[in-house]
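Peer 1: Next comes the sequence, and after it the predicted model I'd like to discuss.
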Amino acid sequence: MREIGFGLVCGIAMAVAALLIAAWPRPGRPVAAFFPAGTTSLDIAQAVAGVSGNLLQIDSVSSVAFTMGERDGFVSALYGAGAWLVIDAALARLCTGSAPGSGQ
């Protein structure tokens, strides 16, 4: 029974590790910044502009901004501006269901 529990824990840990590696933001690539529910599009745009980011798209339904920044510490600055999660945009598009250029 211990072997099954150990295998289950290891399997879950590996799945979480793989997800974290896939979602880790990479410098120079678009990121998705998730803001608290109810954050307006204007507040999101101001937060991204405040950290010198280029706003690519805002999904106001799920309070997500797809953005890109060139400077070091851009992801940390987004957290400081109120984002509660910042991940790679390619993975976030799969989770939110928004396609590039959908205008949401």
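Peer 2: Looks like it came in fine. Numbering: from 1, shown residues only.
Peer 1: which one's the longest helix in the chain?
Peer 2: Of all the segments assigned as helix in the chain under DSSP state H, the longest by residue count is helix 2-23.
Peer 1: so how far is that one off the chain centroid?
Peer 2: A distance of 22 Å separates the centroid of the chain from that of helix 2-23, by Cα atoms, centre = their mean, to the nearest Å.
Peer 1: Give me the mean pLDDT for it.
Peer 2: The average pLDDT within helix 2-23 is 88.
Peer 1: What residues of that helix count as buried?
Peer 2: residue 23 (16 or more other Cβ atoms under 10 Å). Just so you know, the C-beta spots here come from the backbone N, C-alpha and C atoms, and that holds for glycine as well.
Peer 1: Check which helices and strands the helix or strand that comes right after it sits against.
Peer 2: Proceeding N to C from helix 2-23, the next assigned helix or strand is strand 31-34, under DSSP states H and E. Counting contacts by 3 or more Cβ pairs under 8 Å, 6 or more residues apart in numbering; DSSP states H and E, strand 31-34 packs against helix 41-50, strand 64-68, helix 74-80, strand 85-88, helix 89-96.
Peer 1: what's the fourth one in contact with?
Peer 2: Identification of contacts with strand 85-88 by Cβ atoms under 8 Å, 6 or more residues apart in numbering yields 22-26, 29-34, 75, 78-79.
Peer 1: between the residues you listed, which has the most around it?
Peer 2: Of all these, the highest neighbour tally under other Cβ atoms under 10 Å goes to residue 33, namely 31 neighbours.
Peer 1: Chain neighbours aside, what residue packs nearest to that one?
Peer 2: The shortest distance from residue 33 to any non-neighbouring residue, by Cβ to Cβ, 6 or more residues apart in numbering, is to residue 83 (4.1 Å).
Peer 1: Kind regards, and thank you for your time.
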